[in-house]
Structure formats: structure tokens, C-alpha cells
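In: Predicted model, plus sequence, below.
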Amino acid sequence: MDEFDLRILSCLQRDASMPLAELAAEVGLSATPCWRRVQKLEGSGLIRKRVALLDRTRLGAGVTVFIAVKTSRHSMEWLERFHAAVADLPEIVDFYRMSGEIDYLLKAFVPDIAAYDALYKKLISRVDLNDVTSMFAMEELKSTTAIPLGFAKDGS
């Protein structure tokens, strides 16, 4: 991966719908070599997919809740059941296994506390949890989907 690839990735992170001619001009290439590079980046998996970022508040999902889960169960069977339960809940948009005092951290988008309560009840009906702590975001100060590109190495 060289400087042109990094510029392409940077542009596409800002606007994946950017027309090829505009993308090529911005990165300093002609259209055909730029298109080949985009195809190569997609083929290699560096570009996993292109999506539209929606306004979740206007779509009725303006409340962000972080759900910290502690469990006393650490078997693969339990993890697979928990993973399946979470995967089936569209409100949960991020799901992480953590180190430290919290075993799992989930992020969900819901319209209000009543909707979160319904989500919570669905979750606990599907899998046994030891301790669940919910934290509601009061204000979103920064949220991005952009990956920092400064760590990318030449030849990656």
C-alpha cells in the first residue's frame, strides 16, 4: 500500500459515493489507474463494504445506551448462545468481549428508555447474565466510522 492507496482510502472514508473522476483528481491519478487501485483494495478486503450512514435521530433511534455485562459463565457454549442472542437484536450495533472487570460491552440505539427496557428483557430471556449495567449517553461528542490511516505500513 502506498500514498495513493492511502489517499483513496481517506477519500472513500469521507464519501464512498464520490464519483470516480472526482476521486481520481483528488488523489492525483487518472481514472483508470485509480479504478484499478479501488478494485484491488476491495479485492484484498481493505475496503470491506460501502454503506450509507443514516441519521439515527430522524429515524427514531436517537438514544445511545452502553450495556456492560459481567458473567460467571465462561464456556464456549455460553459464549455462542450469547453471541447468537445479541446477533439477533438489531438495536445492538456494537458487541465487544473485554478485558478487565467487564466481560462484554454492547452499544445499542433505541428511541427511549421503554424501548431499552424491552431490549433488556429480550436479552435476559435468551441468555443468563450475572450483572448488567446500562449507561445512557447524555451527549455524543465524537462519533466516526473513519479508521486512522497513520498506522498503515507500506506493502501492507
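Out: Received the coordinates, thanks.
In: Centre of the chain to stretch 119-137, how far?
Out: 20 Å (Cα atoms, centre = their mean, to the nearest Å).
In: Check stretch 127-141 too.
Out: Centre to centre, stretch against its chain (Cα atoms, centre = their mean), the figure for stretch 127-141 is 17 Å.
In: repeat for stretch 106-119
Out: The answer for stretch 106-119 is 18 Å, by Cα atoms, centre = their mean.
In: if I pick the closest residue to residue 97 other than its chain neighbours, what's in contact with it?
Out: In space, and not counting its chain neighbours, residue 97 is closest to residue 104: 5.8 Å by Cβ to Cβ, 6 or more residues apart in numbering. Bear in mind the C-beta positions are built from the backbone N, C-alpha and C, glycine included. For residue 104, the contacting residues are 68, 69, 71, 82, 95, 96, 97, 98, by Cβ atoms under 8 Å, 6 or more residues apart in numbering.
In: Partner strands of whichever strand or helix holds the fifth one and their direction?
Out: By that I understand residue 95. Per DSSP states H and E: residue 95 is located in strand 92-97. Strand 92-97 sits in its sheet next to strand 104-110 (antiparallel), going by DSSP bridges.
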